[in-house]
Each structure stands twice: as structure tokens, then as C-alpha cells.
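Student: Here is the input, now give the coordinates:
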Amino acid sequence: MAAAVALPSGRAWAGPGPQAAQQESPYKDQSEYELAQAADKETDPHKKIEKIKEWEQKYPDAKLAGRRTFQKANALMQIATAAYGKPGPPELLEDGRKAAQDVVDNFNTYFTDDVKKGIGATDDQWKTALGSVQIQAHAVLGWVDQQKKDYPAAEAEYKKLTGLNPNDAQSYYSLGSAIIAEKNINRYSEAIYDLARATAIQGQGALPPAGEKTAEDYLTRVYSGYHGDDMKDPKQAQQVKDDIAKLKQQALASPTPPPDFHIKNANEISQEQFKNQDEFNKAHPDTALWRNIKTGLTAADGDTYFAQVKDSLIPPAEIGMFKAKIVTINEKDIVGSVDNVGGDVTLKFEKALNTKVLKEGDAFEFKGVVASYTKEPYMLTVTIDDPKEDIKGLPENAFSAAPARRAPVKKAAPKKK
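Tutor: Numbers count the residues shown, from 1 in each chain. The predicted structure is shown next:
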């Protein structure tokens, strides 16, 4: 991303000198000239804005008001883009957000015809620059929102970006990723479409080679996890590859999915194999119990239900274990997907994990003690007392020997009436 507004700097400022006697000075007096020179020479964008403000206050009707306004907008964009791509610190992100929001809110003030004339920009330069500024500002806002984990706000900014430039792969990748992070499985089809378009765009606007590989891998993980494919099975892996290739062709043809666009998820595919819900529940008692617990916790009286299931060891012995896939891996916890590819369970461990032997998308089974939950987005947190007993399907060397904890209250999770 460019560090500032991509416009010509304009002619040299006319101050006292050999030509001063031959042409009218653009400055009212020596004091204005000195203020203008100080603002022009300042390299720190924060200090430049302060000097410009002083100039504006003392000389509101300056002949060089257009150029002055451009300088201010340019400095704001320098501050904004300095935060882009950075994970923090918070003050840097907030500084960038405020500057980008200032430009967005006052766009029609900062970029008028008078400003264009003041810096000597051509029509083509001006048109290109205005589009560039809008894209940069919204990209910064989306990035900061994403770092703050305000994914709906980030999504809104990324949608503005795709509207401004429907051939920018990075915007589509960011948009799809933000929707996935909201963990609403009903919108995963839309997110997968955006990710497919991001990887399908070639030429100008395409992702760089390294970024394209990352996006391809992410798209494959999301699609296969959502669709319920086993990537260790060569036939299923090839089918995923073929499905994604077709999806890319469709996404490349249109910047947005058709109104009825939908990709069947693993649960829908599995459900279709049974005549009714009862048959499904009998065949998948683990999934049925998981959904029952979620229904209870997300109801209006969810806290009351939680009091009943807290400290329970789930699932009960007659069910055995829940089936899941790894979504993310952290130092002492694993976020997994039981019934939502975006993640709906967090497994907490006593000691640090050997993350080198774990991979996103790995399938496993687990049982654990109910510890806490959040309603939106839904997440159930369970503690794992003995990884060797409570986890199956993952490498044993992923877990350190954990000290014995207090025995959980082994009560079955009651059904929500």
C-alpha cells in the first residue's frame, strides 16, 4: 500500500526571491510565507498537520488553500497507512483508524476542484488518486477492525473495497476471512465464494505468489472442513480440488454470488442420508447431544442451563467422544469444529502444547469438562484433564504430561426442555 496520496507534489512554492518582484506573491505577508514553508518542510505527518492547522487559523482565506488542504489530506493518509499491516500496538492502530476515518468523513472537503487546481493535477491523475485514496482509507479501517476482532465492522469496510475495485484479490480474501471469523455457518457459502474469487483473479489486482499460495491453502481448508471432506483420502481430496476449480470459474464471472448460491455443508449432506431427524440423532448421538447443549446455552435462560451443565464431563460414557477438527492452535488450547467449521469448542490444557506436530484441519475425538461458554459467536470451553485419555486421533507427543486435577462432577448434560 502506498504511504501517501499518489499525486504530483506541484510547482515549487513561490516565496521571496529573485522572481518575487516580477510576479505577485501567493502569500499575504512574510508571516504566512514562514508558516507555509514550515508546513512544507515538516516530515513528521503529525507535526505537519499541527503547522497546517495554525496556518489555516491565521490565514483562512489563503491563496494556496487548495494546496494546503492537499498537504493535510496527504499527511493524514501517511498516518493511516502507517498502521496498515501492523498487528499493533493499540495506539498505532487507533491513530491510523482516526486518520483514515477523518479522510473518509471529510472526503468531499479534502478533494475538491480547488484542491486539484492547487496542486496542478491533471484530470486523469486526479481520478486515479481519488480512487486510490478511498481504497487506502477503507483498507486501513478494515485492517484495524480486524485486529480489534470487530469482524462485522471489518466486513463492512471490505465490502466497500470490493465495490470500489471488484478486481482486487486482497479485498476479496480479506472479506471472506472476515465473514469466516464471524463464525456464522449460514454465511460460509458466501465467504467461500469470496475466497474463490480472490484466488481466481489474475494479472493486475492478483495476489502475489506467496499470498496466493496462502489463500489457496486457506480456501481448501475452509471448503473441505465445511463440506466434510477427508483430505487424507485421495479421492475426496481430488473431488475438493475439482469442486474448487469450478467454483473459481463461477466466482471469476461475477463479483458477487447469485442470490440462491449455496454450498451444502457436512451436516446437510449427512442429514440427507436419513429420512428424519430421529434417524439422524440415532446415527449421530454425539452431534445430537452437542446441538442440544448449544440450544440450551443460547436460549434466553442460557445462564440457568449453564449452571446445570457446568463441571459436567461430556459426552457421557454411552456416547463416548465428540468428533471434531482443529480450527486454530494456541499455546495451551485448541479451537475445534464440532458442528461449525468456524469453531464452536475450545479445549483448554494444563500445559503447553507441542504445536509443531498439530495441523489445522486435523480430525480428532475428545471429551472434556464444561468450563464456560459465550453465546455470540457461540463457543463452548472445556478443560482436558488427561489428554491421553480424553483425546484420540492426535499425536501423543502433542501433549505434555499433565498433573492430576480435581475429579469432575460426572453428571450427564441435561436436555433443554
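Student: Which helix in this structure has the most residues?
Tutor: Longest helix in the chain, counting residues (DSSP state H): helix 123-147.
Student: Quick check: mean pLDDT of that helix?
Tutor: Across helix 123-147, the average pLDDT comes to 95.
Student: same question, stretch 29-47
Tutor: pLDDT averaged over stretch 29-47 gives 95.
Student: and it, how far from the chain's centre?
Tutor: Averaging C-alpha positions (CA atoms, centre = their mean, to the nearest Å) puts stretch 29-47 39 Å from its chain's average.
Student: got the buried residues for it?
Tutor: 32, 33, 35, 36, 39, 40, 42, 45 (16 or more other CB atoms under 10 Å). The C-beta positions use only the backbone N, C-alpha and C, and glycine is treated the same way.
Student: repeat for stretch 301-308
Tutor: 302, 305, 306.
Student: again, but for stretch 163-170
Tutor: Buried residues in stretch 163-170 (16+ other CB under 10 Å): 165, 167, 168, 169, 170.
Student: And for stretch 263-282?
Tutor: 263, 265, 266, 267, 271, 280.
Student: which ones are touching the first one?
Tutor: Residues touching residue 263, when contacts are defined by CB atoms under 8 Å, 6 or more residues apart in numbering, comprise 188, 189, 192, 223, 226, 227.
Student: What pLDDT does the model give it?
Tutor: pLDDT at residue 263 comes out at 94.
Student: got it, and the fifth one?
Tutor: Model confidence at residue 271, expressed as pLDDT, equals 75.
Student: Could you measure from it over to residue 190?
Tutor: 21 Å (CB to CB, to the nearest Å).
Student: domain assignment for this protein?
Tutor: Following automatic domain parsing, the chain resolves into domains at 30-253, 283-398.
Student: Tell me which of those domains lies nearest to residue 276.
Tutor: With CB to CB, the closest approach to residue 276 among these belongs to domain 283-398: 11.3 Å.
Student: so how far does that closest one reach from one end to the other?
Tutor: One end of domain 283-398 to the other measures 31 Å (CA to CA, to the nearest Å).
Student: Now do that domain: distance to the chain's middle.
Tutor: Using CA atoms, centre = their mean, the offset of domain 283-398 from its chain centre is 24 Å.
Student: same check, this time on stretch 65-75
Tutor: For stretch 65-75, the distance to the chain centre is 32 Å (CA atoms, centre = their mean).
Student: cool, and stretch 162-180?
Tutor: Counting by CA atoms, centre = their mean, stretch 162-180 comes out at 10 Å from the chain centroid.
Student: Need the CA coordinates for it. CSV is fine.
Tutor: C-alpha atoms of stretch 162-180 as CSV (Å, rounded to 0.1, in the frame of the first residue of the first chain):
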residue,chain,number,x,y,z
THR,A,162,-14.7,-4.8,-3.4
GLY,A,163,-17.3,-2.3,-4.6
LEU,A,164,-14.6,0.3,-5.4
ASN,A,165,-12.4,-2.3,-7.1
PRO,A,166,-14.0,-5.6,-8.0
ASN,A,167,-10.7,-6.9,-9.4
ASP,A,168,-8.7,-6.5,-6.2
ALA,A,169,-8.0,-10.1,-4.9
GLN,A,170,-6.7,-8.9,-1.5
SER,A,171,-10.0,-7.2,-0.7
TYR,A,172,-12.0,-10.4,-1.5
TYR,A,173,-9.6,-12.5,0.5
SER,A,174,-10.0,-10.1,3.5
LEU,A,175,-13.8,-10.1,3.0
GLY,A,176,-14.1,-13.9,3.0
SER,A,177,-11.8,-14.2,6.0
ALA,A,178,-13.8,-11.6,8.0
ILE,A,179,-17.0,-13.4,7.3
ILE,A,180,-15.5,-16.8,8.4
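Student: Tell me the one of the buried residues of stretch 163-170 nearest residue 127?
Tutor: residue 165 (13.4 Å).
Student: Send over the helix or strand harbouring residue 381 as CSV, restricted to the C-alpha atoms.
Tutor: Here residue 381 sits within strand 379-383, counting by DSSP states H and E. C-alpha atoms of strand 379-383 as CSV (Å, rounded to 0.1, in the frame of the first residue of the first chain):
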residue,chain,number,x,y,z
MET,A,379,-18.2,-21.1,21.8
LEU,A,380,-18.2,-23.9,24.5
THR,A,381,-15.0,-24.1,26.5
VAL,A,382,-14.0,-27.4,28.1
THR,A,383,-11.0,-28.4,30.1
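Student: Strand partners (parallel or antiparallel) of that strand?
Tutor: Applying DSSP bridges, strand 379-383 is found paired with strand 345-348 (parallel), strand 368-374 (antiparallel).
Student: who touches the longest one?
Tutor: Yep, that's strand 368-374 we're talking about. 297, 302, 306, 309-314, 347-348, 379-385, 390, 408, 413.
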